[in-house]
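> When you get a sec, could you give me coordinates for this:
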Amino acid sequence: MSLLLALAGFVLGLMAFFVERFRGFYKWAGLVLLVAVLFALIALIVFPAMFHTILTEELSTDPTALKDRVNWELGWGYGVGWGATFFLIGAALLFLFGKDTNEIYETTSYEG
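Residues are numbered from 1 along each chain as shown. Down below sits the predicted model:
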């Protein structure tokens, strides 16, 4: 769900950038990306919690079932998920608090 929302935010951002009449979509793109961040955070927090719960239940029923593994760790994909979440937060903040075209035009002087 987070990936689909991130792609939707990306499309909204592109539409706002390239089409003049869709400039108001910047704020919508930021809101969609914030919802994507929310779903990503839920997934990144629930996954290890459920992994620990299932592992604890498995060990309580048969203590010798997982005897071969001493250390349990999450793979590199979990770290990539956190990295993507931080980038989504940054993108959402840039879309929400970025300067509008009119504001840039009013504060910039091109006189020589």
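
> In the strand or helix carrying Leu31, which residues are buried?
Assigned by DSSP states H and E, Leu31 belongs to helix 25-61. When burial is assessed from 16 or more other CB atoms under 10 Å, helix 25-61 yields the following buried residues: 25-37, 39-41, 44. C-beta: built from backbone N, CA, C; applies to glycine.

> How far does that helix sit from its chain's centre?
Distance, stretch centre to chain centre, for helix 25-61: 10 Å (CA atoms, centre = their mean, to the nearest Å).

> elements contacting that helix?
Counting contacts by 3 or more CB pairs under 8 Å, 6 or more residues apart in numbering; DSSP states H and E, helix 25-61 packs against helix 2-18, helix 76-97.

> Most tightly packed of these?
helix 2-18 (a mean of 16; mean count of other CB atoms under 10 Å).

> follow-up on the earlier one: now do the helix holding Leu31, average pLDDT.
In this model, helix 25-61 has a mean pLDDT of 87.

> can you pull the contacts of Gly9?
When contacts are counted by CB atoms under 8 Å, 6 or more residues apart in numbering, Gly9 touches Ala29, Gly30, Val32, Leu33, Ala36, Ala91, Ala92, Phe95.

> 10 Å instead, please
25, 28-37, 88, 91-92, 95 (CB atoms under 10 Å, 6 or more residues apart in numbering).

> Next, give me the two most distant ones among those.
Among the contacts of Gly9, the pair separated by the greatest distance (CB to CB) is Phe25 and Val37, at 18.2 Å.

> For the residue nearest to Ala8 when sequence neighbours are not counted, give its distance to Ala91.
With CB to CB, 6 or more residues apart in numbering as the criterion, Ala8 has its nearest non-adjacent residue at 5.3 Å, and that residue is Val32. Separation of Val32 from Ala91 (CB to CB, to the nearest Å): 10 Å.

> what touches both of those two?
Ala6, Gly9, Phe10, Gly13.

> Pull up the gap between the residue nearest to Ala8 and Pro63, please.
Taken as CB to CB, the span from Val32 to Pro63 is 47 Å.
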